[in-house]
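Engineer: One predicted model, sequence on top.
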Amino acid sequence: MPKIEATNDFVVKFANVNGSGSASANEMFARSILRMGVPIATRNIFPSNIQGLPTWFEVRVSGAGWIGRRGGVDLMVPMNPQTWDKDVASIDPGGYLFYDSSKPLPPSKFRQDINVIGVPLTEMANSRWQLPRDRQLLKNMVYVGALAALLGIEQETLQKLVEEQFAGKDRLIKPNHEALKIGGDYVREKLKGACGLTVKRLDKVGNRIFVDGNDAAALGAVYGGATVCAWYPITPSTSMAEAFMAHCKKLRVDSVTKKNKFAIIQAEDELSAIGAVIGAGWNGARAFTATSGPGISLMQEFIGLAYFAEIPSVIFDIQRGGPSTGMPTRTQQSDILITAYAGHGDTKHILLFPEDPHEAFELSAMAFDLAERLQAPIFVMQDLDIGMNSWLCEPFSWNDSKLYDRGKVMTYEDLEKGKEFGRYLDVDGDAIPYRTLPGTHPTKGAFFTRGTSRDRYAKYSEEGAVYVDNMQRLLRKLETAKKYVPHPIAHHAKEPTRYGVIYFGSTSAAMAEALDVLESKGIHLDTMRLRAFPFPDEVIEFVNAHDQVFVVEQNRDAQMRTLLVNEGAIDPARFISILHYDGTPITARFITKSISERMTLLGAARREAAQ
Amino acid sequence: MPKIEATNDFVVKFANVNGSGSASANEMFARSILRMGVPIATRNIFPSNIQGLPTWFEVRVSGAGWIGRRGGVDLMVPMNPQTWDKDVASIDPGGYLFYDSSKPLPPSKFRQDINVIGVPLTEMANSRWQLPRDRQLLKNMVYVGALAALLGIEQETLQKLVEEQFAGKDRLIKPNHEALKIGGDYVREKLKGACGLTVKRLDKVGNRIFVDGNDAAALGAVYGGATVCAWYPITPSTSMAEAFMAHCKKLRVDSVTKKNKFAIIQAEDELSAIGAVIGAGWNGARAFTATSGPGISLMQEFIGLAYFAEIPSVIFDIQRGGPSTGMPTRTQQSDILITAYAGHGDTKHILLFPEDPHEAFELSAMAFDLAERLQAPIFVMQDLDIGMNSWLCEPFSWNDSKLYDRGKVMTYEDLEKGKEFGRYLDVDGDAIPYRTLPGTHPTKGAFFTRGTSRDRYAKYSEEGAVYVDNMQRLLRKLETAKKYVPHPIAHHAKEPTRYGVIYFGSTSAAMAEALDVLESKGIHLDTMRLRAFPFPDEVIEFVNAHDQVFVVEQNRDAQMRTLLVNEGAIDPARFISILHYDGTPITARFITKSISERMTLLGAARREAAQ
Amino acid sequence: MTYLAKPKFRHPSLVPNKLGFTHRDYEGSISTLCAGCGHDSISTALIQACYELDIEPHRVAKLSGIGCSSKTPDYFLGQSHGFNSVHGRMPSVLTGANLANRDLIYLGVSGDGDSASIGLGQFVHCIRRAINMVYITENNGVYGLTKGQFSATADRGSKSKTSVNNDAPIDLIGMALLAGATFVARSFSGDKHQLVPIIKAAISHKGSAFIDVISPCVQFNNGAGSTKSYDFVREHNAAVNRLDFIEERDEITAEYEPGTVQEVEQHDGSILRLHKLHLDYDPSDRVHAMNYLQQHHEKGEVVTGLLYLDPEPRDTHAALNTVDVPLNSLGTRELCPGSKALEGINDDYR
Amino acid sequence: MTYLAKPKFRHPSLVPNKLGFTHRDYEGSISTLCAGCGHDSISTALIQACYELDIEPHRVAKLSGIGCSSKTPDYFLGQSHGFNSVHGRMPSVLTGANLANRDLIYLGVSGDGDSASIGLGQFVHCIRRAINMVYITENNGVYGLTKGQFSATADRGSKSKTSVNNDAPIDLIGMALLAGATFVARSFSGDKHQLVPIIKAAISHKGSAFIDVISPCVQFNNGAGSTKSYDFVREHNAAVNRLDFIEERDEITAEYEPGTVQEVEQHDGSILRLHKLHLDYDPSDRVHAMNYLQQHHEKGEVVTGLLYLDPEPRDTHAALNTVDVPLNSLGTRELCPGSKALEGINDDYR
Ligand SMILES: Cc1ncc(C[n+]2csc(CCOP(=O)(O)OP(=O)(O)O)c2C)c(N)n1
Ligand SMILES: Cc1ncc(C[n+]2csc(CCOP(=O)(O)OP(=O)(O)O)c2C)c(N)n1
Ligand code: SF4
Ligand code: SF4
Ligand SMILES: [Mg+2]
Ligand SMILES: [Mg+2]
């Protein structure tokens, strides 16, 4: 029997049942590896349901530091009989099946080319505990203890995690410690050397943090000065609003009065949520909503209003699998067109694409500056993979000398001084007009905000020329935006190449790994990671500097390529789309394979042409 | 003083006040010319308001049969003091100002380079009638009488129109006849030869009809078998729903029972309207809604559902000026992207583009066949220019041998025979599955419709492979659609050319005229009028067969060009956009000028390159 | 709850009803809701009601929005077509379906989030339009599927694990009465004996029938601070009447104390026999009902029973004067006026 | 009505109020509505009320949806910021604005189409959330701006030139009471003496104040078959009380018959003195008010006056426990926790 042997480089996958309490045990397993200084990446795969359906938890252990999804499974822990067959089938040859051997299973339930490790988990838990709930929960800790022993995870690290987890509920610490020990002892006694996978202490985690993107973006909103949040629950964005609430409670309560420097409302739906954000933005507060595809669809009319009436507003789109209700608990990057061109009529919006929770924090905070500077809706395009999974990333940082950029707001003093005010007047030549906030001055600067066309002084007008004047300014404002949005990040390949690759968002981690593998195969690609739309000029320059550019996206219709072609006036023939859209996070393996295949074809074509 | 001299080739423009009763007088003026066998084109320019604001009515007289908007004004009738200055300024040099000379006006109110024709309309009306309402309404008829005499419009024709108009309210005929005569007599006595513009009887109207696009599309829906209509009032689509109601009352009431073979509901909003259409479509009735931009924005989520759950449904988008509330009473073609890619996630929809009311009738009827054949939402993309203006066009025709294409619906008999049923199974290889209607069979064929991903047998599934399978079938279905949608109409230029032009919808009439002018200038263009998206192959072939292709559109962002580039994988450099989007209908003059300028530049560039 | 294959012998006695269908024929897929969820009990009651009413399962169309509650149509009447539409918009989809085919029985199933939060407008408008349907809200005061946020029906002061609700509650029964529903009832998922006859009566009602069923969410809103928990509803349930649903007049035999029983004959001949539990409650008086409900709600009571009934219901189809056959059954011949008519129409445009 | 330049001498006596503002300072652009439109009278009443209350015009924020009614904020308080948002969604925009700055006076102006048709959900939800505002519907039973289709407040059987309304009406007052509004009134655009003090009282009310003003559409719904016409309302107007709005306690001097006058002190010290026209009407009892309104509506009466008042209103800001200063006035220093705090936070994620 071949045995996969690997140290700090493998994938463990847990299969559980929704609501069975496995999540925190699995999470503890993962975190223990991190505490040993070994980078990990975890991914939850869960159903749109509350209790009783299958869930999976994938832990990638990567001493090399790859935190994208790799693909494949080295060690499977199938705790859910419903999905047993599929789970067993998913193990790489030579890999390991760790299972609850309390009840005998027929040989047909196993495979010949994998290594089977049985531990009588239920039996052990049941013989030690009486209450059904205890038995269920502690069984989870038994397998964690057993796995830790198998893989060489330090027992003390796990014990310490248990203590941290149950701090305050101290009576739970003992049984959990015991469960870990029961599992560990069994392995140490009966299964020595059964598994070729090992975790070994390293120093590769450094000061990095392990956090999910929704939590990070919520914290970014706190740092970015958001005071108003209006939202409606929808997976996978709910946890961002809830995290904002939690952070605010810690960070934004006035220490003296105990009053809140924030207002969060759970709206009755997404139309109401975005309406409140626009009302607050109009009134000079920094406001946001968090939602997902169906919410974005419902918000279209209001987004058009915010575009045309030029109201600062921030929308977090935690993308999930579309169209329609689609795959609510799966990940995609498929709301790009509907956000970039949101609303009927001619519109274009500003989108930001964080690559991980660290950047989600940064771009989230930045979004509020951009919204006020550009007087426009700003979309922060996350996805379920970043938003709801914990990622290992650089710690958050903040520059205390920076003040919020509140954009062009005329004050009482400005008005008093007699500064000319025209709400839609392009005074500075950057197409961004000045605004006044309600209540500023008793006799000057009041105007009427509307979604209908109006002249530079905000007066209603149905004149063609007046309308065109305004619409062209709005286009120019988008040009201005290119200067303010975060610029793309480019990397040159080690060797000069005529090939490039463009990617963005949660693809980043898998991409880094894929590039490394490709390079080792002799495939060199210059890279550009997009961070915003509209595209700063260097994006178009990057494309023009290469014969062929791969565009890697997690959607069916190559939506980012559409934006590139359309806004960059680029020949589509220049682009080769690499599309992954089955709802699972894209893997390094998928990218590597897709690109190498295309490169082989291109190479063949070139050779043929040369003949 | 130069005087424009023209027979059957000029533009008359009336400036009035909303709600002053001028509309029917102006309409009668226009129709009298039509009755003389001379083609006309009329356009209403009205505010988003009920009473008291400026409106205009433009009548183009064109013996040559050009019915697009030409641009410019030869004879102005400014009955609204509020807009006098602008109205006078809009007259072409050598043109005519026909005005109410009852009150003297200072010379500064006139121009040197135009011909002024004063008739004391108010004075004449007031001296003849006593009641204010009579005075106001009949004054309108006085100016019609006067204008008719000036232009040589036959008095009997006008008199007959009065009789038709007031049939049933006979006592109104006499005063109206008299008003016409008062105006006419004044001109005949005092202003002989004052105007160089003449209407002369012709035989160029033939059996054509004069009808607006909303009326036509509504009739098309009756002929197309629509039984359910759910709508919410919004300019400029309201009149389509109202016309459907009117036509149904005439054509769809059971002659025996007096019961209605239709159900129309005024929904509480657009979300409800499209929801009802989808419910009815699911249940096997032909259903539609009519709306405009803001409604399309609100319907996005539901449209995504219809796409994904594959529910036949028809949506008439009578486009107006966007974004947001925009210019509600102006015309544009600016909802192309938001309809083509409606809804979050990866979606693509089928759009039809009628060029005039005649085609609005045809494509409207066809839309219902397409919806059931393709099990998808179908958008009929009208605009305010077609929808709310009367156009001279070919009479409606119908082939009585044609039965409705109800698409792939499994019957009781099919199920009884044991035919395999899987709601999303591609049995025929055209990616269109079979459906069953609720209530078909007691034990077979029931399924659960949903917007979440599911397998070929309509069973809920979160499997990546199952999802991808379905999404790819949906893409293939769009390929199938290319066979069914109306094909584009191409014309070769008289001389071989490397230049082409693509256009669609209401641009058609102005385009025909522009092409004629361009040809006379030696500019030859092959043409293609699009009638549907997704584009049948010949569209891409057309583009590839030309070096440069103009795309003429009535929006800012070149939305159709985006679709062409994106879906046809065409180099954007091939296209030159001609964009007109100030809310007025595009004119032949605008197109001619824009294209000739670009051609001159291209020619210069070519010459330079050749040197 | 479970993902296991359907157990084979759940109903030891599969007694067929008049149509020869057994209970099993009215079931659907196995529920994926949490064990103990009130919604599952409502599904069971629906199955029972349809079985007892001898309804042909395929003559029912089940429509819903999104939520745990809105998933349930998958778990009953497997032989009926179902439509799990979008969140909060079932009423409009049902309206369109009803217009298309007046001959089916329409069952709208929704949640409190679905109907009182995002869908409030559609809920009210579909009722004021007098759509012939049974509209059921499975009301737990929270969003179950998105994990326990308060919905708009949560009473002020309701407590969940993490928060307190400060907003005034939406009273769906009050809204339905205001909007002109002709059959309004409230029941409790834990009280099958009350619920089943109410559902039967609602199905036989030829107009807009609304049933608000308090249906505890055991996962997120069954605690002490909730007015939608099993315990709270059991303790505060104030039934104003008990209903017997009787299909035909001659079935009535027993004699009752005068004043304690009220009988209403519906259009289809069925009889609703109301055993008065509160003698002063008159379900035929809309204004009285509203007043009673408001007063008792202020006292913290959960008033249940058949709260209002108009034995002469309205139906959109009557208002729209639609033909008797379903519109979806009309073909080209019936619908297309043909080329002859078109000639005359063309003339009108000349 | 007209497009002419604003006449110079409309107010022969421009008496300044306490702040030194004259009537003119509370006006807006010239109306573009139809001559005789009820909405214009409401604008006039709003101008009068703000003038009399000595409000600084720029401390008012005017928000509206889309419709003839929603255009009116352009026609009063020209020194206030206004926001003509999208159809039916003013309530959410106002909610957000209010959260951002608790220190302004929020005036939401809407129509019956805007609030009862497309906007019903937002209307109810904004009220149940207890937003401190004055919400006025200019209720004409039709969509004026789209030319006269019935709106959801049209009574059943209402007739227009071309059609009859078959659907049950939406009772906005009933909805507002159900949703927990703490100030509810109905008035008539034709009755300035009733309307002005009601507006003043509503502005001084620190909670969700709702005023439904019947406002005839002379263009499309002023005919004999309409229950929203001038004639109908004049004939069926059943005022339950007359209101005096008194800013300070010491202004009260006169003595009244016991039982005929009821005085309520509001939080800001202002006094509402209600002259009872119907002695049995008690505006402090919500359930009573609902019942009374329903009963009288069934009789065809248009009950007007201050219908319900809770002198202890709720306000979202209290529920949310927000700081006393407007949120929009907080700057980087007040809002940003800074890099120090971030270090601790980073640690939590390790
Ligand atoms: C447009 C939209 N917004 C949000 C959601 C997310 N969502 C799904 S179910 C649900 C709430 C359901 O609550 P309720 O109707 O009370 O059903 P329950 O789960 O409590 O039975 C929400 C908010 C969605 N599916 N669609
Ligand atoms: C989303 C959307 N749908 C439809 C319209 C068209 N529309 C404008 S105003 C209006 C009705 C206004 O009615 P109401 O609120 O009663 O105002 P009124 O004009 O009667 O004062 C409608 C349907 C719109 N502007 N936006
Ligand atoms: S979460 Fe609540 S509502 Fe949903 S299935 Fe579980 S118990 Fe029922
Ligand atoms: S149409 Fe009606 S509501 Fe609109 S301005 Fe005219 S009278 Fe007023
Ligand atoms: Mg619920
Ligand atoms: Mg109205």
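Structural biologist: Cool, got the structure. Numbers count the residues shown, from 1 in each chain, chains lettered A, B, ... in the order given. Ligands and ions are numbered 1, 2, ... in the order given.

Engineer: Next up, phi/psi of the residue nearest the centre of chain A, please.
Structural biologist: Closest residue to the average C-alpha location of chain A: residue A:386 at 2.1 Å, with Cα atoms, centre = their mean. Residue A:386 has phi and psi values of phi -70, psi -50 when expressed as degrees, to the nearest 10.

Engineer: ok, and the closest non-adjacent residue to it?
Structural biologist: Taking Cβ to Cβ, 6 or more residues apart in numbering or on different chains as the measure, residue A:386 lies nearest to residue A:213, with 3.6 Å between them; neighbours along the chain are not counted. Quick note: C-beta positions are derived from backbone N, CA and C, even for glycine.

Engineer: Quick one, grab the pLDDT at the one you found.
Structural biologist: Residue A:213 is assigned a pLDDT of 98 by the prediction.

Engineer: what number of residues lie near it?
Structural biologist: By other Cβ atoms under 10 Å in any protein chain shown, the residues close to residue A:213 number 36.

Engineer: Quick check: it vs residue A:381, distance?
Structural biologist: According to Cβ to Cβ, to the nearest Å, residue A:213 and residue A:381 sit 11 Å apart.

Engineer: Quickly list what's touching both of those two.
Structural biologist: Common contacts of residue A:213 and residue A:381 (Cβ atoms under 8 Å, 6 or more residues apart in numbering or on different chains): residue A:354.

Engineer: Would you tell me what the next helix or strand after the lowest-mean-pLDDT helix or strand in chain C is?
Structural biologist: Lowest on mean pLDDT, DSSP states H and E among the helices and strands of chain C sits strand C:261-265, with a mean of 87. Using DSSP states H and E, the helix or strand that follows strand C:261-265 in sequence is strand C:271-276.

Engineer: Please name the strands paired to that following strand in the sheet, noting orientation.
Structural biologist: Using DSSP bridges, strand C:271-276 pairs in its sheet with strand C:241-246 (antiparallel), strand C:261-265 (antiparallel).

Engineer: leaving aside the residues next to it on the chain, what's closest to the residue of the stretch 401-550 of chain A found nearest ligand 2?
Structural biologist: Relative to ligand 2, the nearest point of the stretch 401-550 of chain A is residue A:451 (8.9 Å; Cβ to the nearest ligand atom). Leaving out its chain neighbours, the residue that sits closest to residue A:451 by Cβ to Cβ, 6+ apart is residue B:324, at 3.3 Å.

Engineer: Contacts only, for the nearest residue to residue A:270 once chain neighbours are set aside.
Structural biologist: With sequence-adjacent residues excluded and distances taken as Cβ to Cβ, 6+ apart, residue A:270 is closest to residue A:295, at 3.8 Å. Residues counted as contacts of residue A:295 (Cβ under 8 Å, 6+ apart) are A:232, A:234, A:237, A:270, A:273, A:289, A:317.

Engineer: Which among these count as buried?
Structural biologist: With burial judged by 16 or more other Cβ atoms under 10 Å in any protein chain shown, the buried subset of these is A:232, A:234, A:237, A:270, A:273, A:289, A:317.

Engineer: could you dump these to CSV with pLDDT?
Structural biologist: Listed next are the buried ones among the contacts of residue A:295 as CSV, based on pLDDT from 0 to 100:
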residue, pLDDT
A:232, 98
A:234, 98
A:237, 98
A:270, 98
A:273, 98
A:289, 98
A:317, 98
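
Engineer: The helix or strand where residue C:135 lies close to ligand 3?
Structural biologist: Element membership of residue C:135, judged by DSSP H and E, is strand C:133-139. No: figure legend: strand C:133-139 not in contact with ligand 3 (Cβ under 6 Å from any ligand atom); closest approach 7.8 Å.

Engineer: Where do the strands of the stretch 401-550 of chain A begin and end?
Structural biologist: For the stretch 401-550 of chain A, strands defined by DSSP state E, counting those that start in this stretch occupy the ranges A:409-410, A:435-436, A:448-450, A:489-491, A:499-504, A:526-530, A:532-533, A:548-553.

Engineer: can I get those in CSV with mean pLDDT and distance to residue A:331?
Structural biologist: Output for these, formatted as CSV (pLDDT from 0 to 100; distance: least, Cβ to Cβ, whole Å):
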stretch, mean pLDDT, distance to residue A:331
strand A:409-410, 98, 38
strand A:435-436, 98, 37
strand A:448-450, 96, 37
strand A:489-491, 98, 22
strand A:499-504, 98, 14
strand A:526-530, 98, 18
strand A:532-533, 98, 20
strand A:548-553, 98, 12
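
Engineer: how about those in JSON lines, adding distance to residue A:48 and mean neighbour count?
Structural biologist: Putting the strands of the stretch 401-550 of chain A into JSON lines (distance: least, Cβ to Cβ, whole Å; neighbours: other Cβ atoms under 10 Å in any protein chain shown) gives the following:
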{"stretch": "strand A:409-410", "distance to residue A:48": "43", "mean neighbour count": "18"}
{"stretch": "strand A:435-436", "distance to residue A:48": "42", "mean neighbour count": "24"}
{"stretch": "strand A:448-450", "distance to residue A:48": "39", "mean neighbour count": "23"}
{"stretch": "strand A:489-491", "distance to residue A:48": "35", "mean neighbour count": "14"}
{"stretch": "strand A:499-504", "distance to residue A:48": "26", "mean neighbour count": "25"}
{"stretch": "strand A:526-530", "distance to residue A:48": "30", "mean neighbour count": "22"}
{"stretch": "strand A:532-533", "distance to residue A:48": "30", "mean neighbour count": "26"}
{"stretch": "strand A:548-553", "distance to residue A:48": "24", "mean neighbour count": "24"}
